[in-house]
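S.K.: Sharing a model that was predicted from the sequence below.
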Amino acid sequence: MKKLLLLVFVLCIFNCESNTNTNNSDLNRTIDSLKIELTKSNNKIEILKTEAGKKEKSIFNENFNSFFWNFMTDSTFQKQRIIFPLTYITWKDDLGGKIDTLSLNKDKWTYNSFFINTASERTQIYDNFDLNLRPTNQRVIHWYGIETGGDSKYYFSGKKGKWYLVKKEQLGD
């Protein structure tokens, strides 16, 4: 009986050692695979950091406030800083009906001084087309009338260090 128990004990030890080696082998393969994936991820992160650095450099344009002052006070400057044909979004027929997207040529543009604000109107300048405030190469002048129902958006984009009007949206009264 003792010999039988000793034999079972020895077999169990060898079997456990074999499973441990197999488990260690699987564990080592998993660790090696994770190391490879981690290296790939680190390489991707470095590439993205490099690309982000290039993009950050590209978002620096002339000062928007100085640009916008010139844009609203100088009609010649204004026309020079609009990318024509300008995308113009407005109501097709009646207010609240279908929306129409038009292209305005340079000869159809009318100078806009942006000085129309009264006590019942507000202007907000956003730094991107999503109307959030964060550092981007975009600005939106959003003029809306609280009592008048006016709603106009002017979309500006930075290109080669300068600001340009690229789209106008007028969906108010």
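M.R.: Looks like it arrived, so ask away. Residues are numbered from 1 along each chain as shown.
S.K.: Show me the strands in this protein, by range?
M.R.: Listed from the start of the chain, the chain has strands (DSSP state E) covering 82-91, 99-104, 121-126, 138-145, 151-159, 162-170.
S.K.: and the fourth one, which strands flank it?
M.R.: When you say that, I think you mean strand 138-145. In the sheet, strand 138-145 lines up against strand 121-126 (antiparallel), strand 151-159 (antiparallel) (DSSP bridges).
S.K.: which of the ones you listed has the lowest average pLDDT?
M.R.: Looking over those, mean pLDDT reaches its minimum on strand 121-126, with a mean of 62.
S.K.: residues contacting Leu102?
M.R.: When the contact criterion is CB atoms under 8 Å, 6 or more residues apart in numbering, the partners of Leu102 are Thr87, Tyr88, Ile89, Thr90. (Glycine included, C-beta is placed from N, CA and C.)
S.K.: Can you tell me which of those are classed as buried?
M.R.: Applying 16 or more other CB atoms under 10 Å to the contacts of Leu102, the neighbour count classes Tyr88 as buried.
S.K.: Turn the contacts of Leu102 into a markdown table, including pLDDT and distance to Thr73.
M.R.: Written out in a markdown table, the entries for those read as follows (pLDDT from 0 to 100; distance: CB to CB, whole Å):
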| residue | pLDDT | distance to Thr73 |
| --- | --- | --- |
| Thr87 | 95 | 24 |
| Tyr88 | 94 | 22 |
| Ile89 | 93 | 26 |
| Thr90 | 91 | 25 |
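S.K.: Format the contacts of Leu102 as a markdown table; extra columns: distance to His142.
M.R.: A markdown table is the format used below for those (distance: CB to CB, whole Å):
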| residue | distance to His142 |
| --- | --- |
| Thr87 | 16 |
| Tyr88 | 16 |
| Ile89 | 13 |
| Thr90 | 15 |
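S.K.: and which of the contacts of Leu102 is nearest Arg29?
M.R.: For the contacts of Leu102, the minimum distance to Arg29 (CB to CB) is 55.9 Å, reached by Thr87.
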